[in-house]
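1. here is my input, please return the structure:
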Amino acid sequence: MKSRFSLVPILLFFSLLAGAQDLASFEKRTTVKKLDNGLTIIICERPEAPVFSFFTLVDVGSAQDPMGKTGLAHMFEHMAFKGTDKIGSKNFAEEKAALAKVETDYSAFLAERDRTVGRDDQKLKDLEKAWKDSIADADRYVKPNEFSEIVERQGGEGMNASTSDDQTDYFYSFPSNRLELWAYMESERFQHPVMREFYKERNVVIEERRLRTDSNPIGKLVEQFITASFQAHPYHRPTIGWMSDLNSFSATDAQNFFNHYYIPANLVVAVVGDVKAAEAMPMVEKYFARLPARPRPDDRTTTEPPQGSERTVTLRQSAQPFYIEGYHRPDYRSADDAVYDAIADLMSNGRTSRLYRALVRDKKIAAASAGFSGFPGTKYPHLFAFYAVPLPGHTPAEMGAAIHAEIERVKKEDISDEELKMIKTRAKADLIRGLADNSGLATQLAIYQSRFGDWRELFRSVDKIDRVTKANIRRVANQTFQENNRTVGINENLKQAAAVPGGAQ
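-> Below is the predicted model:
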């Protein structure tokens with residue numbers, strides 16, 4: 001009996017959707033302008049609903065954190081929600097003076113705390129009290145959360161931000177008739193930020209580190225795995241920051257970081273939704289053109305030297321066993337970037353992927369397994385990583401052996417025609433899905449404009465995947481997945497370690 005369910009309407013829908021999502025269609029609706037101060041604005045008209053989303057990309061991340069002050073990029077992300085000289089203060093003139101005293105008192109406290117010879121403990125207590133009293137005095141002028149409350153009161157949704165190794169992002173959505181309010185507030189927080197409640201927020205970040213890394217076995221392993229993988233390049237610095245740095249850097253340090261890196265030339269702002277570029281661009285330019293132009297900082301980094309030998313990090317903890325390994329690969333501008341994407345899809349995309357079928361479905365030794373590129377970032381040469389979570393009764397060593405067997409298959413045998421076809425089909429489907437809503441589209445436009453200087457590369461990325469061949473995949477796999485290019489991270493359960501002769505406790 002034939003099913004009454006037909007694929008024709010669905011296929012027709014996707015065909016129409018793809019047609020609406022092609023490059024020519026977007027070129028008609030997308031306007032880009034680089035302001036005299038260096039800031040880039042992208043406006044994409046999508047009038048389906050009376051709302052718009054924005055995505056502000058700041059081309060600075062934890063890779064730019066100064067040595068001894070790791071975590072500053074992430075810390076400033078938190079401060080960007082604290083308001084401005086006009087938002088968040090009961091009396092900014094008095095608050096400014098109070099905040100300056102906080103910094104003076106903190107500097108004195110820090111100098112005594114970090115004294116290696118002749119530290120006076122009573123003096124240290126007195127200085128700490130003076131600093132905390134200054135904080136309490138400055139807090140009297142604060143209107144807590146006023147920036148966020150204005151956004152929410154005016155219909156804003158999804159207000160958030162994120163910091164990675166490569167960039168810092170700010171985003172939310174607003175009703176279309178609030179475009180000018182958004183342009184004012186978003187430009188204000190990058191023109192007149194105030195480091196209010198800094199040390200209170202720093203304590204929040206310290207607790208975040210304890211929760212996500214220090215008290216999280218997998219978080220702890222991944223941090224040590226990354227630091228072992230990158231010995232020279234700044235990718236070895238955790239985005240959250242090292243604990244000693246979190247307990248030392250100041251609001252003055254955060255302000256200096258902002259002054260150095262939050263310059264218009266490092267900002268791309270994408271607006272997508274029910275806006276007309278002819279009306280919106282002058283309004284957006286009016287506010288963002290106020291940001292003063294400053295020289296672009298030198299963002300060159302130390303080049304990670306060839307690894308030369310396998311490195312292994314093993315943590316023995318009372319926790320879920322875990323296995324991860326990574327191989328160095330070039331940055332996102334590599335001619336083989338699309339080939340790495342194809343390998344990631346082959347190994348990890350869904351229940352038909354090679355790692356899922358081999359480790360989870362067939363051998364039944366893992367609860368999950370996948371491979372992915374872009375770790376911990378993509379802007380600089382980074383890692384292609386694989387991981388697996390062993391099922392009870394199985395070890396991280398088994399995970400490594402099973403993953404290596406699948407890697408060897410890719411190195412020695414061409415993938416099938418069907419696999420290659422599915423990789424390319426999924427790339428097109430993923431592009432369409434990523435453009436389905438205003439927020440996703442704004443994100444992609446800003447990222448590709450920042451990284452390539454042209455948002456159109458978003459669409460060309462599918463063409464690059466389409467040109468990938470079986471021979472490309474074998475070649476890249478053989479040149480990348482070599483033992484002397486590999487770092488391994490193992491979380492070994494204490495009970496399993498104790499069962500092995502000589503196992504560490």
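2. strands along the protein, start to end?
-> Using DSSP state E, the strands of the chain run over 30-34, 40-45, 51-58, 157-163, 168-175, 267-273, 311-317, 322-329, 366-375, 382-390, 486-493.
3. quick one: which of these is nearest Leu72?
-> The closest of these to Leu72 is strand 157-163. By C-beta to C-beta, the value is 9.8 Å. C-beta here means a position set from N, CA and C on the backbone, and glycine is covered the same way.
4. need the residues that contact the closest one.
-> 53, 61-62, 73-74, 77, 80-81, 148, 151-152, 168-174, 239, 439 (C-beta atoms under 8 Å, 6 or more residues apart in numbering).
5. can you rerun that using 6 Å?
-> With contact meaning C-beta atoms under 6 Å, 6 or more residues apart in numbering, strand 157-163 is reached by 73-74, 77, 151, 169-170, 172-173, 239.
6. most packed of the strands of the chain?
-> Of these, the one with the most neighbours on average (mean count of other C-beta atoms under 10 Å) is strand 267-273, at a mean of 27.
7. related to what we said a few turns ago, for the contacts of strand 157-163, could you give me TSV that also reports pLDDT?
-> Listed next are the contacts of strand 157-163 as TSV, based on pLDDT from 0 to 100:
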residue	pLDDT
Ala73	98
His74	98
Glu77	96
Val151	97
Asp169	98
Tyr170	98
Tyr172	97
Ser173	97
Thr239	97
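8. with distance to Leu221 as extra columns, can I get those residues in JSON lines?
-> Output for the contacts of strand 157-163, formatted as JSON lines (distance: C-beta to C-beta, whole Å):
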{"residue": "Ala73", "distance to Leu221": "23"}
{"residue": "His74", "distance to Leu221": "20"}
{"residue": "Glu77", "distance to Leu221": "25"}
{"residue": "Val151", "distance to Leu221": "37"}
{"residue": "Asp169", "distance to Leu221": "26"}
{"residue": "Tyr170", "distance to Leu221": "30"}
{"residue": "Tyr172", "distance to Leu221": "34"}
{"residue": "Ser173", "distance to Leu221": "36"}
{"residue": "Thr239", "distance to Leu221": "16"}
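9. follow-up on the earlier one: could I get the strands of the chain as a markdown table with distance to Phe190?
-> A markdown table is the format used below for the strands of the chain (distance: least, C-beta to C-beta, whole Å):
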| stretch | distance to Phe190 |
| --- | --- |
| strand 30-34 | 17 |
| strand 40-45 | 13 |
| strand 51-58 | 8 |
| strand 157-163 | 12 |
| strand 168-175 | 9 |
| strand 267-273 | 7 |
| strand 311-317 | 39 |
| strand 322-329 | 33 |
| strand 366-375 | 27 |
| strand 382-390 | 28 |
| strand 486-493 | 37 |
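10. so which of these gets nearest Lys424?
-> Nearest to Lys424 among those is strand 366-375 (16.9 Å), distances taken as C-beta to C-beta.
11. what's the burial count for the residue nearest to Phe288 when sequence neighbours are not counted?
-> Counting by C-beta to C-beta, 6 or more residues apart in numbering, Phe288 lies nearest to Ser187, which is 4.9 Å off, once chain neighbours are set aside. By other C-beta atoms under 10 Å, 22 other residues sit near Ser187.
12. and if you look at the one 10 residues further on?
-> For Glu197, the neighbour count with other C-beta under 10 Å is 22.
13. same thing with Thr302?
-> Counted with other C-beta under 10 Å, the neighbours of Thr302 add up to 12.
14. quick check: Glu48 vs Thr239, distance?
-> Distance of Glu48 to Thr239, computed by C-beta to C-beta, to the nearest Å: 36 Å.
15. what stretches of the stretch 1-150 of the chain score poorly on pLDDT?
-> For the stretch 1-150 of the chain, the stretches with pLDDT under 70 are 1-21.
16. just the helices in it please.
-> 8-20, 23-29, 72-79, 92-113, 121-139, 146-153 (DSSP state H, counting those that start in this stretch).
17. one step back: so between Glu48 and Thr239, which is more surrounded?
-> Applying other C-beta under 10 Å to Glu48 and Thr239 shows that Thr239 carries more neighbours, namely 24 against 9.
18. let me see the backbone angles for the more buried one.
-> Torsion angles at Thr239 (phi, psi; degrees, to the nearest 10) stand at phi -60, psi -40.
19. distance of Thr239 from Asp65?
-> Distance, Thr239 to Asp65, by C-beta to C-beta: 8 Å.
20. using PDB, list the CA coordinates for stretch 451-467.
-> Written as PDB, here are the backbone C-alpha positions of stretch 451-467 (Å, rounded to 0.1, in the frame of the first residue of the first chain):
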ATOM      1  CA  ARG A 451      36.800  38.000   8.400                       C
ATOM      2  CA  PHE A 452      36.800  38.400   4.600                       C
ATOM      3  CA  GLY A 453      35.900  42.000   4.000                       C
ATOM      4  CA  ASP A 454      32.900  40.900   2.000                       C
ATOM      5  CA  TRP A 455      29.700  39.300   3.400                       C
ATOM      6  CA  ARG A 456      29.200  37.600   0.000                       C
ATOM      7  CA  GLU A 457      31.800  35.000   1.100                       C
ATOM      8  CA  LEU A 458      29.000  33.500   3.100                       C
ATOM      9  CA  PHE A 459      27.300  32.300  -0.100                       C
ATOM     10  CA  ARG A 460      30.600  31.400  -1.800                       C
ATOM     11  CA  SER A 461      31.400  29.100   1.100                       C
ATOM     12  CA  VAL A 462      28.900  26.600  -0.400                       C
ATOM     13  CA  ASP A 463      30.600  26.900  -3.800                       C
ATOM     14  CA  LYS A 464      33.900  26.000  -2.100                       C
ATOM     15  CA  ILE A 465      32.400  22.900  -0.500                       C
ATOM     16  CA  ASP A 466      30.900  22.000  -3.900                       C
ATOM     17  CA  ARG A 467      34.400  21.900  -5.400                       C
END
